[in-house]
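Undergrad: Build the 3D model from these lines:
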Amino acid sequence: MPSGLDRQRIDRWLWHARLVRTRSAAAALAGAGYVRVNGARIDAPGRMVRAGDVITVALDRRVRVLKVRGFVERRGPADNAATLYEDLG
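TA: The predicted model follows:
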């Protein structure tokens, strides 16, 4: 699913990857410091991520480590969302 995007805001990417239900929840997660990009804690939902970045997210008593593989312009079905990242464990 190619798109012309080479980077995207972390809140939009988390929402498009279906890690959270709403974009405002993604923004709150990033703003509260529960998201790391390449090991550095972020505190702004506007932080841009690029393909190859490693995202660490604390969700529901679980930590997910994901490698960004791509971007989309619109949120789609879960099958398509799973292609946006590689689960590192």
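Undergrad: Check which residues of stretch 62-77 are buried.
TA: Buried residues in stretch 62-77, counted by 16 or more other CB atoms under 10 Å: L66, V68, G70, F71, V72. (Each C-beta comes from the backbone N, C-alpha and C, glycine too.)
Undergrad: Hmm, the last one is touching R18, no?
TA: Put plainly, it is V72. No. The criterion here is CB atoms under 8 Å, and V72 misses it with R18 at 11.0 Å.
Undergrad: out of the buried residues of stretch 62-77, which one sits closest to Y34?
TA: Distance to Y34 across the buried residues of stretch 62-77 (CB to CB) is lowest for L66, with 13.5 Å.
Undergrad: The helix or strand containing A26 - contacts with which helices or strands?
TA: If you go by DSSP states H and E, A26 is part of helix 23-31. With contacts taken as 3 or more CB pairs under 8 Å, 6 or more residues apart in numbering; DSSP states H and E, helix 23-31 sits against helix 10-16.
Undergrad: Return the distance of the helix it packs on from the chain's centre.
TA: Centroid separation for helix 10-16 versus its chain: 5 Å, with CA atoms, centre = their mean, to the nearest Å.
Undergrad: what do you get for stretch 25-43?
TA: Its chain's average C-alpha position is 10 Å from that of stretch 25-43, according to CA atoms, centre = their mean.
Undergrad: For T22, grab the count of nearby residues.
TA: By the criterion of other CB atoms under 10 Å, T22 has 10 neighbours.
Undergrad: How about it: what's its closest non-neighbour residue?
TA: W15 (7.0 Å; CB to CB, 6 or more residues apart in numbering).
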